[in-house]
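Enquirer: the following comprises the amino acid sequence and a computationally predicted model.
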Amino acid sequence: MEFVQKKFLVAGTGLSGIGATNLLLRKGANVILYDGNESLDSSKILSQLERTERVSLILGTLREENIKGIEAMIISPGIPCDAPFTKIIRENNIPIWSEIELAFLAGKGTVVGITGTNGKTTTTALVGKIMKDYYKSVFVVGNIGTPYTSVVEDMEDDSVIVAEISSFQLETIQKFKPKISAVLNVTPDHLDRHKTIEAYADVKMGITKNQTKNDICILNYDDAITRAMAEKIPAKPIFFSHTVELKEGIFLLEENIYVRKDDKEELVCNRNELQILGIHNVENVMAAVGMAIWLGVPMESVRKSVKEFQAVEHRIEYVDTIDGIDYYNDSKGTNPDAAIKAIQAMKKPTYLIGGGYDKGASFDEWIQSFDGKVKELVLLGQTAKQIGDTAQKYGFTHIVFVETLSEAVSYCAKHAKEGEAVLLSPACASWGMFKNYEERGCMFKEYVKSLKE
């Protein structure tokens with residue numbers, strides 16, 4: 001696509017907004033950079049740009065005269081598509097793109113895209129490792145932390161782009177088309193934005209909308225919602241399963257992970273050879289293996305990469321053992337289903353730290369998953385009372401309420417005994433107390449580290 005001298009509106013001044021603006025400027029476009037928060041420091045925003053001579057920064061109110069001649073608006077994923085200011089965009093029939101759409105139109109290479117409610121980051125990181133161990137030019141981008149737009153200029157025709165893609169980013173794709181996509185699972189999340197599980201699932205399935213029968217979509221056979229997608233998507237579906245032996249796909253049988261492709265069966269490895277915990281991580285490995293094998297990476301290379309792969313930061317991440325107590329950071333467990341998987345991975349009596357921002361989720365299944373593993377539930381944040389009430393409804397009464405994460409760690413350290421574990425797995429977003437789950441996880445690790453001092 002040609003960008004020179006065309007005019008674009010970028011909504012949002014976070015990482016993706018700055019990344020999109022810098023890419024457009026490099027491509028010779030003119031940019032209006034907009035943020036509805038008029039209290040932001042304009043000089044700080046502009047200092048993040050590579051050049052400013054073709055940028056107009058608007059904070060506060062976006063007016064009709066500001067959008068004349070706009071080719072498209074690139075919206076940051078944190079901004080709802082029905083935000084009040086978007087009305088003026090729609091009324092003027094201006095296309096709304098996600099940051100990944102812009103990067104795809106401006107970039108090169110072969111794209112593999114991963115979405116799903118849980119496991120995206122671990123799977124993306126593993127796919128990234130497998131690809132980097134085999135291909136020369138690989139970029140791991142998207143929701144995992146590196147804006148897709150920030151690396152477009154470094155891509156070549158033979159590059160492989162591994163993209164973690166959220167539902168927010170998928171809402172506004174137009175032509176984005178991965179060669180291989182994956183929908184890992186769909187469980188209730190972000191219902192404050194998507195309203196219903198059906199709408200949320202449709203957005204997730206949107207990763208396949210521009211694929212053809214010559215492309216591949218890796219789907220979770222054990223998830224009823226993703227299994228049903230196989231009948232609707234334009235790509236060829238390939239399943240993975242830890243419960244069923246598949247005629248074609250990736251499956252777990254007697255603790256071994258196998259791939260069946262073109263009537264040939266190959267052993268990947270035994271699940272006990274993995275360095276990541278839990279059956280959910282076996283699923284993540286199977287999805288990653290499927291993406292790599294169907295892209296053409298040899299099994300020998302895949303097998304080596306999978307065995308070497310270690311846990312992603314903030315996802316059931318082992319922190320330390322202090323006074324015989326194991327500490328685990330699962331700050332990325334931002335919804336009940338993710339937090340359930342963390343509990344299932346625990347092998348010792350566990351002090352569980354939970355609570356945070358209310359995304360409209362139900363906590364019933366999370367509480368019911370404790371299965372005798374949770375010794376005490378330490379709660380904080382906006383959802384603390386709701387979670388506590390839900391726990392009591394199911395007869396779990398070992399509940400403590402605290403005001404801060406520091407207080408939660410101190411309480412657990414004081415009461416847990418040798419041979420037990422402390423797990424931060426909030427089942428909620430971090431907003432309101434922390435900037436993001438990364439900050440929450442890093443603070444947890446700092447508090448744990450301070451126990452030694």
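Expert: Good, I have the coordinates.
Enquirer: isn't residue 45 right up against residue 57?
Expert: Yes. The pair residue 45 and residue 57 passes the contact test of Cβ atoms under 8 Å, sitting 6.3 Å apart. Placement of C-beta: from N, CA and C, glycine included.
Enquirer: what touches both of these two?
Expert: residue 33 (Cβ atoms under 8 Å, 6 or more residues apart in numbering).
Enquirer: tell me the contacts of residue 302?
Expert: 130, 268, 289, 292-293.
Enquirer: which of those residues sit farthest apart?
Expert: Pairwise distances across these peak at 11.2 Å for 130 and 268 (criterion: Cβ to Cβ).
Enquirer: shared neighbours of those two, anything?
Expert: 289, 302, 306.
Enquirer: tabulate the residues you listed (TSV), appending distance to residue 118, secondary structure and pLDDT.
Expert: Formatted as TSV, those follow (distance: Cβ to Cβ, whole Å; DSSP: H, G, I helix; E, B strand; the rest coil; pLDDT from 0 to 100):
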residue	distance to residue 118	secondary structure	pLDDT
289	18	helix	98
302	23	helix	98
306	19	helix	97
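Enquirer: what is the nearest of the contacts of residue 302 to residue 248?
Expert: residue 293 (11.4 Å).
Enquirer: was I right about residue 116 contacting residue 181?
Expert: No. Using Cβ under 8 Å, residue 116 makes no contact with residue 181, being 10.4 Å away.
Enquirer: can you give me the strands for the stretch 101-250 of the chain?
Expert: Counting by DSSP state E, counting those that start in this stretch, the segments of the stretch 101-250 of the chain that form strands are 110-115, 138-142, 160-164, 180-183, 216-220, 236-241, 249-253.
Enquirer: in a strand, that's where residue 275 is, yeah?
Expert: No. Residue 275 is assigned coil when assessed by DSSP: H, G, I helix; E, B strand; the rest coil, not a strand.
Enquirer: in stretch 220-235, what's buried?
Expert: Within stretch 220-235, the residues that qualify as buried are 220-223, 225-226, 229, 233, 235, counting by 16 or more other Cβ atoms under 10 Å.
Enquirer: residue 130 and residue 268: who's more crowded?
Expert: Applying other Cβ atoms under 10 Å to residue 130 and residue 268 shows that residue 130 carries more neighbours, namely 28 against 22.
Enquirer: wait, the more buried one sits on residue 305?
Expert: Yes. Taking contacts as Cβ under 8 Å, residue 130 lies within contact range of residue 305: 4.3 Å.
Enquirer: joint contacts of the two?
Expert: Joint contacts of residue 130 and residue 305 (Cβ under 8 Å, 6+ apart) are residue 292.
Enquirer: show me what residue 139 is bridged to.
Expert: Taking DSSP bridges, one obtains residue 161 as the residues bridged to residue 139.
Enquirer: so where is this structure shaky, pLDDT-wise?
Expert: Residue ranges of the chain with pLDDT under 70: 188-195.
Enquirer: mind running it again at 80?
Expert: 143, 145, 188-195, 311-312 (pLDDT under 80).
Enquirer: which residue lies farthest from the center of it?
Expert: residue 65 (36.7 Å; Cα atoms, centre = their mean).
Enquirer: show me what contacts it?
Expert: So residue 65 contacts nothing (Cβ under 8 Å, 6+ apart).
Enquirer: where's it relative to residue 92, distance?
Expert: Taking Cβ to Cβ, to the nearest Å as the measure, residue 65 and residue 92 are separated by 11 Å.
Enquirer: try residue 334
Expert: On the measure of Cβ to Cβ, residue 334 and residue 92 end up 35 Å apart.
Enquirer: now intersect the contacts of residue 302 with the helices, please.
Expert: 130, 289, 292-293 (DSSP state H).
Enquirer: export the shared contacts of residue 130 and residue 268 to TSV and tack on distance to residue 254?
Expert: Formatted as TSV, the shared contacts of residue 130 and residue 268 follow (distance: Cβ to Cβ, whole Å):
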residue	distance to residue 254
289	17
302	20
306	18
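Enquirer: so which of those residues would you say is closest to residue 26?
Expert: Nearest member of the shared contacts of residue 130 and residue 268 to residue 26, counting by Cβ to Cβ, is residue 302, at 35.1 Å.
Enquirer: skip the chain neighbours and tell me the closest residue to the closest one.
Expert: Nearest non-adjacent residue to residue 302, counting by Cβ to Cβ, 6 or more residues apart in numbering: residue 292, 5.0 Å away.
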